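Engineer: Provided below are the primary sequence and the corresponding predicted coordinates.
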Amino acid sequence: MFQRPENWAELTWQQRRELRLEQWISGPGIKFDSQQTENDYKARATRLAKAVKMELPDRVPCMIPTGWFPVKNAGVTLKQVMYDPELMKKVWLKFVDEYDSDHFDGTLFFQAPVNDLLEIKNFKWPGHGLPDDAHSYQYVEGVYMKEDEYDLFMQDPFDFQLRKLLPRTTGIFEPFADMPSFSSYQGLPNRLMMMCLDPRFQKLFRAIWKASQFLPAWGKANVETTQAAAAKGFPVFRGGLAVAPFDVFADNLRGTQGIVMDMFRQPDKIHEAMEFVMPRLLSGAISMADGADCPMVMMPLHKGDDTFMSDKQFETFYWPTFRRLLLGMVEEGLVPFPVAEGAYNRRLEYISDMPKTAVVWMFDQTDMANAKKTVGKVSCIAGNVPVSIAYTGTVDEMKAYCLKLIETCAPGGGYILSGGCTFDMAKPENLRAMMDSVKEHGYYK
């Protein structure tokens, strides 16, 4: 747990970040397997930290975007793993033992038994809406917040979630859709007792209790896996998680169809709601990063790419609150780590408007030469190895692509070799070739 010094308010953001990075690199509380694994951990973390600060590390860092690949690597099915936390732990640690990435990408624990019991509607997974041999899960986009519910969401987020959102996304909570608002405290004890007499709520309470019995095993396996990976010398490069304020609504609440209509019909409501969630996103990211003792905050971006909205719409709806969220994290000494899914070729000038060395941008389909010339002047950049090469290419093709990225993006520092998205079904030899490429060509002179 990160502890702020007494003079925290007097420090610059760079000094705050340095304190966080130093503690992350030192690995407090980690029981390393050996002196060698401790040395490896600190070398990898130092390498990544220097890349973040656009300094020259010993060589270009390489972060393999693991995704669900450990499942394929272990020769089991994703369905098996999603229902067995101990198997998940074994599968991920097998990957750690066999692949020499510069970080541990973290576990992707998906608590399928809990989701079964709660009757989750907005996800599909192997054996639940997807074939048993599916290699990922699928989010089911929908209009889960109606066009006239922005005010309810902002006035009472708890009431909105309990009586509107959960009944639409989680089957076991459907009885709450018929309940009057819980905003008033008057008569609440009697209402709760009456709910306990209702068979629908009895079923809900039993399901929640039964689902809660799975949580300790999943939490234990998750923590133990991350601790074991660190003990083997692999630092986690993700302490927190956040999204752009626009994506809160475009992804999860209004969906693509709903948010597009709102952009024309009620743009003021979108702006008001983004202002409402922005400080909550910031406080959540700070809390997670403090608890994880890692300053990097991963931010998957979905609706800001070139193909979804015009430049004017990006200027109006996406960038202003997102930029302020980034700056809020930076001020707290955190390292925002936006993952620019899709193409950000028309966004490069916008997102270059950041303090130097404050942000790490991971790019998917963006032109990396232009990214280096623009964003790369002020921010560390990462990514761009295509999933197509990882899945279907040869070792030579993988090495050639990585070499081109290193030659284009690494000069002067500030580049991390990684993928454009997760490599769930990659060829094992291509992941090793990716790592080999930085060991062969990624050293700074």
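Structural biologist: Perfect, I can see it now.
Engineer: Could you pull out the buried residues of the lowest-mean-pLDDT helix or strand in the chain?
Structural biologist: Using mean pLDDT, DSSP states H and E, the weakest-scoring helix or strand in the chain turns out to be helix 188-197, at a mean of 83. Neighbour counts over helix 188-197 (16 or more other Cβ atoms under 10 Å) mark Met195 as buried. Bear in mind the C-beta positions are built from the backbone N, C-alpha and C, glycine included.
Engineer: neighbouring contacts of it?
Structural biologist: If you take Cβ atoms under 8 Å, 6 or more residues apart in numbering as the criterion, helix 188-197 is touched by 179, 182, 201-202, 205.
Engineer: got the angle for the helix or strand that comes right after that helix vs helix 188-197?
Structural biologist: Using DSSP states H and E, the helix or strand that follows helix 188-197 towards the C-terminus is helix 199-212. Following axes from the mean of the first three to the mean of the last three Cα atoms, to 10 degrees, one obtains 90 degrees for the angle between helix 199-212 and helix 188-197.
Engineer: quick one on the thing from earlier: for the contacts of helix 188-197, work out which two are farthest apart.
Structural biologist: Pairwise distances across these (Cβ to Cβ) peak at 18.7 Å, for the pair Phe182 and Gln202.
Engineer: so when I look at Asn338, I'm seeing a strand, right?
Structural biologist: Actually, residue 338 is Pro rather than Asn. Yes: Pro338: assigned to a strand according to DSSP: H, G, I helix; E, B strand; the rest coil.
Engineer: residues in contact with it?
Structural biologist: 299, 301, 326, 351, 359-362.
Engineer: try it again with 6 Å
Structural biologist: 299, 301, 361 (Cβ atoms under 6 Å, 6 or more residues apart in numbering).
Engineer: Distance-wise, check it relative to Asn252.
Structural biologist: 18 Å (Cβ to Cβ, to the nearest Å).
Engineer: same check, this time on Asp97
Structural biologist: For Asp97 relative to Asn252 (Cβ to Cβ), the value is 36 Å.
Engineer: cool, and Met278?
Structural biologist: 16 Å.
Engineer: Quick one, which of the contacts of helix 188-197 are buried?
Structural biologist: The buried subset of the contacts of helix 188-197 - by 16+ other Cβ under 10 Å - is Phe201.
Engineer: Between the contacts of helix 188-197, which has the least confident prediction?
Structural biologist: Among the contacts of helix 188-197, Phe182 carries the lowest pLDDT, at 78.
Engineer: Pull up the gap between that one and Gln155, please.
Structural biologist: 13 Å.
Engineer: Could you find the closest non-adjacent residue to Lys203?
Structural biologist: Ile172 (7.2 Å; Cβ to Cβ, 6 or more residues apart in numbering).
Engineer: contacting residues for that neighbour?
Structural biologist: Counting by Cβ under 6 Å, 6+ apart, Ile172 has contacts 118-119, 204, 207.
Engineer: With neighbour count and pLDDT added, can I get those residues in CSV?
Structural biologist: Shown next, in CSV, are the contacts of Ile172 (neighbours: other Cβ atoms under 10 Å; pLDDT from 0 to 100):
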residue, neighbour count, pLDDT
Leu118, 20, 95
Glu119, 15, 96
Leu204, 21, 95
Ala207, 19, 95
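Engineer: and which of these is nearest to Lys146?
Structural biologist: Closest to Lys146, out of all of the contacts of Ile172 and judged by Cβ to Cβ, is Glu119, at 21.1 Å.
Engineer: which residue packs closest to that closest one, ignoring adjacent ones?
Structural biologist: In space, Glu119 is closest to Gly171, 2.9 Å off (Cβ to Cβ, 6+ apart).
Engineer: Surely the one you found and Leu117 touch.
Structural biologist: No: with contact defined as Cβ atoms under 6 Å, Gly171 does not count as touching Leu117 (10.0 Å).
Engineer: mind giving me the domain ranges of this protein?
Structural biologist: Listed by automatic domain parsing, the domain ranges of the chain are 8-109+215-441, 150-209.
Engineer: winner for burial among these?
Structural biologist: Most buried of these, by mean neighbour count (mean count of other Cβ atoms under 10 Å): domain 8-109+215-441, with a mean of 19.
Engineer: ends of that domain, how far apart?
Structural biologist: The first and last residues of domain 8-109+215-441 sit 41 Å apart, counting by Cα to Cα, to the nearest Å.
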